[in-house]
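Visitor: here is a sequence with its predicted model. Questions after.
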Amino acid sequence: MTSRVDTERLAYRPLEACKAVGVGKTGLYEALKSGELKSRKIGRKRLILRDDLQSWLRGLPA
C-alpha cells in the first residue's frame with residue numbers, strides 16, 4: 001500500500017509536513033526549534049497545523 005500525503009489535512013506530523021511541502025527535515029526542524037514554524041503537542045505527538053505551515057512558507061524569502 002502506498003501512502004499519500006493529503007493536502008487537505010488539518011495537521012501534519014513533521015515528516016509528513018516535509019513531504020507535503022517538499023522541504024528537508026533539517027530545515028523544518030530548525031524552523032520548529034527557532035519558533036519560525038509553530039507546532040502543537042498531543043501527548044508525545046507533535047503536529048503542525050496546515051495554516052501554520054502555509055504561513056511559514058509565505059514568510060520565506062522569495
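Guide: All right, it came through fine. This is a predicted model, so every value here is computed, not measured.

Visitor: which SS class is K33?
Guide: With DSSP: H, G, I helix; E, B strand; the rest coil as the basis, K33 sits in helix.

Visitor: contact partners for it?
Guide: When contacts are counted by Cβ atoms under 8 Å, 6 or more residues apart in numbering, K33 touches no other residue. Any C-beta I mention is one placed from the backbone N, CA and C, and that applies to glycine too.

Visitor: so who does K38 touch?
Guide: K38 makes contacts with I48, L49, D52, W56, as judged by Cβ under 8 Å, 6+ apart.

Visitor: identify the residue nearest the residue nearest the centre of the chain in space, chain neighbours excluded?
Guide: Geometric centre of the chain, nearest residue: A17, 3.6 Å, by Cα atoms, centre = their mean. Nearest non-adjacent residue to A17, counting by Cβ to Cβ, 6 or more residues apart in numbering: I48, 4.8 Å away.

Visitor: before we move on, the earlier item: now the residue nearest to the centre of the chain, what are its backbone angles?
Guide: phi -60, psi -40 (degrees, to the nearest 10).

Visitor: I'd assumed L53 was in contact with it.
Guide: Yes. Counting by Cβ atoms under 8 Å, A17 touches L53, with 5.6 Å between them.

Visitor: does R46 sit in a helix, a strand or a coil?
Guide: Per three-state DSSP, R46 ends up strand.
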